[in-house]
Structures are given as C-alpha cells and as structure tokens.
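A.B. asks: Mind folding the following:
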Amino acid sequence: MKIFQSTLIAVLLSLAVSCAPKNTETALPISSKEILKTSTSWDGDPIIYPDGDPEIKAIIIELQEGVDTGFHCHPVPNLAYMLAGEIEVEVFEGPKQVFKKGDAFEEVIHTWHKGRVLKGPAKIVVFYVGEVDLPITIKPKTYDLKSEKCVE
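C.D. replies: Predicted coordinates:
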C-alpha cells in the first residue's frame, strides 16, 4: 500500500510540474525602486538639517477632497509620498505644484505654503527628519506672512 501511495504521489507531482507554465524569468525575492533622490525641496531650495538631538517621525495624513490646509511651514526636512488622491501645493507668493498618487517629493522647508486636495481623499505618508521637541509643522501667528518667520 505504501509503495502505491508513494508511486501515485510521484506521478501526480511529475504531472503537476510538467503541466505548469514555464517561467523563463527568475523572480527575485527582493526588489527595490528609488522613488526620490534630491538635495533640494520641490521648489529648489536646499535641504537643511536641524542642529539638535535627531528625531524622525513618520505620519500618514488623510485629507478629503476640497480640503485646504491653510498656510503653514515645516522647520525640518520631510519626505512625502502620495498613496492616493491629488493635491496642489502652493508656496506663499511663489510657485504651485500638483502631486498625485505615486509621487514622492521633498516638501518645502522654512517656507509658508498650503495644500488643497484636488481629487480625494488624498492619503500621504510623510517622514519628518527633525529634532527632539521641535515641532514638525507651524501655523502662522499673524496674517503677515511676508514678515513672519517659520520658527516656534
């Protein structure tokens, strides 16, 4: 009985292997794809690292269609990757840029800007490279963005 079972299993495995589609390409168990390499933010300003004790934060931000973030700034470098949706980012008295699903970008640093969701919901994962006790986002204290600095 054991010989019959062993023979049957061997025959079935042989059939399965011979009937399986042939894959001429070998799939690698690990792959990588660079999504961004930059030394500037999307508006061309250089990336400047903070001086204090380093701290990295990763946040997923979800925004509904039509949402406007209002002007704010980031005192630390941050890498954003669009998981879903489409947003328009506008620098105060400066350029605008549209980002959509699959886009990676270095957000502007020390610069007042706002985002508006064009197609939503938008979902963004953002990695902030900051320092301990330094906020990652600052809202303006006044409406005078020309003279107000992006500091805490």
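
A.B. asks: State the distance from the closest residue to residue 69 other than its chain neighbours to residue 122.
C.D. replies: Taking C-beta to C-beta, 6 or more residues apart in numbering as the measure, residue 69 lies nearest to residue 115, with 4.5 Å between them; neighbours along the chain are not counted. Quick note: C-beta positions are derived from backbone N, CA and C, even for glycine. According to C-beta to C-beta, to the nearest Å, residue 115 and residue 122 sit 8 Å apart.

A.B. asks: likewise residue 38?
C.D. replies: With C-beta to C-beta as the criterion, residue 38 and residue 122 are 21 Å apart.

A.B. asks: Equivalent analysis for residue 80, please.
C.D. replies: Using C-beta to C-beta, which is the criterion applied here, residue 80 is 11 Å from residue 122.

A.B. asks: isn't the residue nearest to residue 69 right next to residue 66, touching?
C.D. replies: No. Between residue 115 and residue 66 there is no contact under C-beta atoms under 8 Å: 11.7 Å.

A.B. asks: which neighbours do the two share?
C.D. replies: Residues touching both residue 115 and residue 66 by C-beta atoms under 8 Å, 6 or more residues apart in numbering: none at all.

A.B. asks: okay, the two: which has more neighbours?
C.D. replies: Neighbours of residue 115 and residue 66, each counted by other C-beta atoms under 10 Å, are more numerous for residue 115; the result is 22 against 10.

A.B. asks: do you know how far the more buried one is from residue 132?
C.D. replies: With distances defined as C-beta to C-beta, the gap from residue 115 to residue 132 amounts to 26 Å.

A.B. asks: go on, residue 34?
C.D. replies: Note on residue 34: its distance to residue 132, by C-beta to C-beta, is 29 Å.

A.B. asks: the more surrounded of those two?
C.D. replies: Using other C-beta under 10 Å, the more surrounded residue of residue 34 and residue 132 is residue 132, with 9 against 6.

A.B. asks: Who are the contact partners of the residue nearest to residue 69?
C.D. replies: Residues near residue 115 by C-beta under 8 Å, 6+ apart: 63, 68, 69, 87, 88, 89, 90.

A.B. asks: taking the mean pLDDT, what do you get for the helix or strand harbouring it?
C.D. replies: Take DSSP states H and E as the rule and residue 115 turns out to sit in strand 113-131. Within the predicted structure, the mean pLDDT of strand 113-131 is 95.
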